[in-house]
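Colleague: Next input, structure requested:
(one chain, ligands or ions: 2)
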Amino acid sequence: MALCFVRLIMIVLGVESSCDETGIALYDTERGLLAHALHSQVAMHEEYGGVVPELASRDHIRRAIPLLEKVLADAALDRDAIDAIAYTQGPGLAGALLVGASIACGIGLAIDKPVLGVHHLEGHLLSPLLANQPPEFPFVALLVSGGHTQLMRVDGVGRYELLGETVDDAAGEAFDKSAKLLGLGYPGGPAISRLAEFGDPTVYKLPRPMLHSKDLNFSFSGLKTAVLTAVKNHRTNICDQDKANLARAFVDAIVDVLTAKCLTALKQTGLKRLVIAGGVGANRQLRESLNAAAAKKRFQVFYPELEFCTDNGAMIAFAGAMRLAVNPNAAQRDYAFNIKPRWPLDELKAA
Ligand code: KG4
Ligand code: ZN
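Modeller: Numbers count the residues shown, from 1 in each chain. Ligands and ions are numbered 1, 2, ... in the order given. Here you go, the predicted structure:
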């Protein structure tokens, strides 16, 4: 979607490097997304069973400039056409963030254009607005990624109220850790979701942590422990069908909890629009459950395009453009970057 309510016409370069994906994109406030390119480091980290921060940083260095050249070529633009550069300032892995920040500031200095640091989760949160039929404000947002599980009330850019969050593991983390226990690869979310399709839902019954707590908080570490206990209870190696049964029980439990808490958040706020963002938002079973609930309870549910659920540069370019629409001075020719590996989203201000 083009940012038609923005009077400022500009092209924003987005640089994402907070974890294991290098994402670069060009967003035009008049014409919409011009080009985006991504390099995933999954294959590199797979043999270690998780992200190795030092390897991640080094790979971002290798990938960023070739990806920049690709998006410029795809958009048929010269680098001087870029008006501002948005980069992920945090939260994320310190070394990986430093690479993106220094590359963004280096480009800014080279072409004499201003830069602005963007909050990674704000990128996720606003990513459904890149879709063809974007939601209007206000809405309830469920942010479900590898590091975060939060319910927010969103009244506009930078107007975020935290309604509830996980007290321990994030939903994506629970997917990844449980997948590891089942001997599936990294990242575990897509693998466990695919395997669950073949599982019998009646064989295992896993707990639904905090399902009936009156608040909007989550807890997923007990679920992972329940998977561990079920795996250990097998004296011999767990067979493929049983792995699928366990995967199914795990997915059913996590989807039930996420769906129920979203419904409570909608009820508490009186809002009728729900936005799902972050990597776990790509999950098929979660989408089916939320779509069914939306049809039954008469609310609207919005998702980012599948390719923009997980980390990408487009959401950072877009969030940067939104920030600039609210405050054109948000980008500065101050190239002394400072990253924020830990940065709560509700610390952000509207402008
Ligand atoms: O948003 P994201 O790309 O990175 C963070 O900001 O953390 O989310 C990555 C997380 C991983 O935990 C991954 O396993 C999970 O999203 N994920 C999924 C699916 N695709 C990615 N979880 C469940 N089902 C999926 N289809
Ligand atoms: Zn992310």
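Colleague: got the residue ranges for the strands in the protein?
Modeller: Shown for the chain, the strands assigned by DSSP state E span residues 11-16, 21-28, 32-40, 84-90, 115-119, 139-144, 149-156, 159-165, 273-277, 300-302.
Colleague: Now do the contacts for the closest residue to residue 159 other than its chain neighbours.
Modeller: Closest residue in space to residue 159, ignoring its immediate chain neighbours: residue 350 at 5.3 Å, by CB to CB, 6 or more residues apart in numbering. Glycine gets a C-beta too; all of them are placed from N, C-alpha and C. Residues in contact with residue 350 (CB atoms under 8 Å, 6 or more residues apart in numbering) are 156-159, 326.
Colleague: Separate out the buried members of the residues you listed.
Modeller: Buried by 16 or more other CB atoms under 10 Å: 157-159, 326, out of those.
Colleague: out of those residues, who's near ligand 2?
Modeller: Among those, no residue sits close to ligand 2 (CB under 5 Å from the ion).
Colleague: Tell me which two in these are the farthest apart.
Modeller: The span of the buried ones among the contacts of residue 350, defined through CB to CB, is set by 159 and 326 at 10.0 Å.
Colleague: With pLDDT added, can I get the contacts of residue 350 in a markdown table?
Modeller: Formatted as a markdown table, the contacts of residue 350 follow (pLDDT from 0 to 100):
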| residue | pLDDT |
| --- | --- |
| 156 | 94 |
| 157 | 93 |
| 158 | 93 |
| 159 | 94 |
| 326 | 91 |
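Colleague: what's the most distant pair in those?
Modeller: The most distant members of the contacts of residue 350, if one measures by CB to CB, are 159 and 326, lying 10.0 Å apart.
Colleague: returning to what we had before: save the strands of the chain as a markdown table, and put in distance to residue 318 too.
Modeller: Converted to a markdown table, the strands of the chain look like this (distance: least, CB to CB, whole Å):
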| stretch | distance to residue 318 |
| --- | --- |
| strand 11-16 | 7 |
| strand 21-28 | 5 |
| strand 32-40 | 7 |
| strand 84-90 | 9 |
| strand 115-119 | 9 |
| strand 139-144 | 15 |
| strand 149-156 | 15 |
| strand 159-165 | 16 |
| strand 273-277 | 12 |
| strand 300-302 | 15 |
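Colleague: Indicate which one of those is closest to residue 74.
Modeller: So among the strands of the chain, strand 32-40 is nearest, using CB to CB, at 3.8 Å.
Colleague: What residues does the closest residue to ligand 2 within the stretch 1-150 of the chain make contact with?
Modeller: Closest residue of the stretch 1-150 of the chain to ligand 2, CB to the ion: residue 145 (4.5 Å). Applying CB under 8 Å, 6+ apart to residue 145 gives the contacts 121, 124, 170-172, 277-280.
Colleague: still on that earlier bit, ok, now how distant is the residue nearest to residue 159 from ligand 2?
Modeller: If you measure residue 350 against ligand 2 using CB to the ion, to the nearest Å, the figure is 22 Å.
Colleague: And residue 349, by the same measure?
Modeller: Separation of residue 349 from ligand 2 (CB to the ion): 21 Å.
Colleague: before we move on, what about residue 169?
Modeller: Distance, residue 169 to ligand 2, using CB to the ion: 16 Å.
Colleague: what's the pLDDT at that residue?
Modeller: Per-residue confidence (pLDDT) for residue 169: 97.
Colleague: Quick check: residues of the stretch 201-350 of the chain near ligand 2?
Modeller: Residues of the stretch 201-350 of the chain lying close to ligand 2 by CB under 5 Å from the ion are residue 311.
Colleague: hmm, 8 Å instead?
Modeller: For the stretch 201-350 of the chain, the residues in contact with ligand 2 (CB under 8 Å from the ion) are 278-279, 310-311.
Colleague: Please tabulate those residues in JSON lines, including the columns pLDDT.
Modeller: Formatted as JSON lines, these follow (pLDDT from 0 to 100):
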{"residue": "278", "pLDDT": "96"}
{"residue": "279", "pLDDT": "96"}
{"residue": "310", "pLDDT": "96"}
{"residue": "311", "pLDDT": "97"}
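Colleague: Check those residues against ligand 1 and report the nearest one.
Modeller: The closest of those to ligand 1 turns out to be residue 279 (CB to the nearest ligand atom; 2.2 Å).
Colleague: The closest residue to the closest one other than its chain neighbours: neighbour count?
Modeller: Spatially, and ignoring its direct neighbours in sequence, residue 279 is nearest to residue 310 (4.5 Å; CB to CB, 6+ apart). Residue 310 has 27 neighbouring residues, counting by other CB atoms under 10 Å.
Colleague: Run through the residues that contact residue 310.
Modeller: The contact partners of residue 310, taken as CB under 8 Å, 6+ apart, are 21, 279, 282.
Colleague: do residue 75 as well
Modeller: Going by CB under 8 Å, 6+ apart, residue 75 touches 26, 34-35.
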